[in-house]
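Trainee: Need a 3D model of the sequence below.
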Amino acid sequence: MKLVKYVFLDILRSKILIAYAVFLIAISSGLFMISAEPVKAITSLLNIVLIVLPLFSVVFASSYYYNAYEFTELILAQPIKRSTLFFSQFVGVGAALSLSFIFGCGIPVLIFFRDSSALILLCCGLALTWVFTAIAFLAVVYARDKTKGIGIALLLWFYFVFIYDALVLLFLFNFSNYPLEKMLMMLTFLNPVDLTRIIMLMQLDMAAIMGYTGALFTQFLGSSTGLVWCFFALLLWIAVPFILAQRKFTRKDI
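Mentor: Okay, here's the model as predicted:
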């Protein structure tokens with residue numbers, strides 16, 4: 001816990017993190033002020049969250065890992081387990097990013113739009129923060145070179161935000177004559193960004209814009225049980241990359 005506290009407080013002094021929080025609060029407040037309907041503002045904010053939040057999380061987390069390399073070597077010279085140090089760095093970075101997101105988006109959302117969907121949006125944003133922090137740690141722990149590690153993290157972000165949807169559309173177009181309902185559900189759980197988008201669209205009662213697909217998601221995921229399964233899937237997206245990254249870190253040559 002001392003290591004977590006040190007990493008957390010050290011990151012909070014970062015001017016980049018403060019600028020990130022100020023950017024989010026400016027965007028969030030601006031969207032609610034210029035929009036006559038809070039639902040439209042939430043929808044616009046969702047689009048920003050799904051792109052900007054994962055991007056900043058992977059860049060910041062991977063940059064911190066490399067910038068703290070000398071600190072890592074110093075701590076590992078002490079009688080401290082590698083798994084403990086890696087866990088402390090991950091929790092410290094994730095907590096600092098989460099606090100910035102809550103301050104930047106949470107305050108305006110709770111002021112202008114006090115609704116259950118606003119709470120779901122904040123939960124989804126926090127989940128995505130931890131997911132892409134874990135993905136960033138997984139990417140950088142396999143690359144000793146800083147440029148290569150951050151490049152891999154950015155490629156993973158680009159894949160989940162843009163390329164994955166294009167691949168799914170190509171798959172659906174080529175196999176449109178076959179029943180793909182169950183397959184589409186499975187493909188959704190393989191992308192945390194798409195999963196978050198669908199959760200929010202259902203909470204805002206906007207699943208109708210997806211036509212038959214929206215009806216399918218509403219049937220299977222629209223209930224409270226479906227929502228629990230969605231967040232359980234997001235927890236797996238946090239746990240699996242982190243476990244793989246920690247296992248690699250404990251075995252690699254520092």
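
Trainee: From here on, just use CA atoms for contacts and neighbour counts.
Mentor: Will do.

Trainee: the helices in the chain, which residues?
Mentor: For the chain, the helices defined by DSSP state H cover 2-12, 15-34, 38-67, 69-76, 82-101, 107-112, 116-141, 146-158, 164-174, 181-189, 192-203, 212-221, 224-251.

Trainee: ranking these by burial, who's on top?
Mentor: Counting by mean count of other CA atoms under 10 Å, helix 116-141 has the highest mean neighbour count of those, with a mean of 23.

Trainee: which strands and helices sit next to it?
Mentor: Helices and strands touching helix 116-141, by 3 or more CA pairs under 8 Å, 6 or more residues apart in numbering; DSSP states H and E, are helix 38-67, helix 82-101, helix 146-158, helix 192-203, helix 224-251.

Trainee: which stretches of the stretch 151-254 of the chain have low pLDDT?
Mentor: Within the stretch 151-254 of the chain, the segments meeting pLDDT under 70 span 176, 179-181, 205-224, 254.

Trainee: cutoff 80 now
Mentor: Scanning the stretch 151-254 of the chain for pLDDT under 80 picks out the ranges 172-173, 175-185, 200-227, 253-254.

Trainee: can I get the helices and strands packed on helix 116-141 in CSV with distance to residue 113?
Mentor: Listed next are the helices and strands packed on helix 116-141 as CSV, based on distance: least, CA to CA, whole Å:
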stretch, distance to residue 113
helix 38-67, 6
helix 82-101, 16
helix 146-158, 29
helix 192-203, 14
helix 224-251, 21
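
Trainee: of all the ones you listed, which lies closest to residue 131?
Mentor: helix 224-251 (4.6 Å; CA to CA).

Trainee: what's the offset of that closest one from the middle of its chain?
Mentor: 11 Å (CA atoms, centre = their mean, to the nearest Å).

Trainee: coming back round to it: quick one: which of the helices and strands packed on helix 116-141 is nearest residue 7?
Mentor: Nearest to residue 7 among the helices and strands packed on helix 116-141 is helix 82-101; the distance by CA to CA comes to 5.2 Å.

Trainee: Mind listing residues that contact that closest one?
Mentor: For helix 82-101, the surrounding residues in contact (CA atoms under 8 Å, 6 or more residues apart in numbering) are 1, 3-8, 11-12, 17-18, 20-21, 24, 57, 61, 72, 75-76, 125-126, 129-130, 133-134, 137, 246-247, 249-250.

Trainee: cutoff 7 Å now
Mentor: 3-5, 7-8, 11-12, 17, 21, 61, 76, 126, 129-130, 133, 246, 250 (CA atoms under 7 Å, 6 or more residues apart in numbering).

Trainee: Stretch 166-186 now?
Mentor: Residues outside stretch 166-186 that contact it (CA under 7 Å, 6+ apart): none are found.

Trainee: what's the answer for stretch 44-54, then?
Mentor: 28, 125, 128-129, 132, 157, 161, 193.
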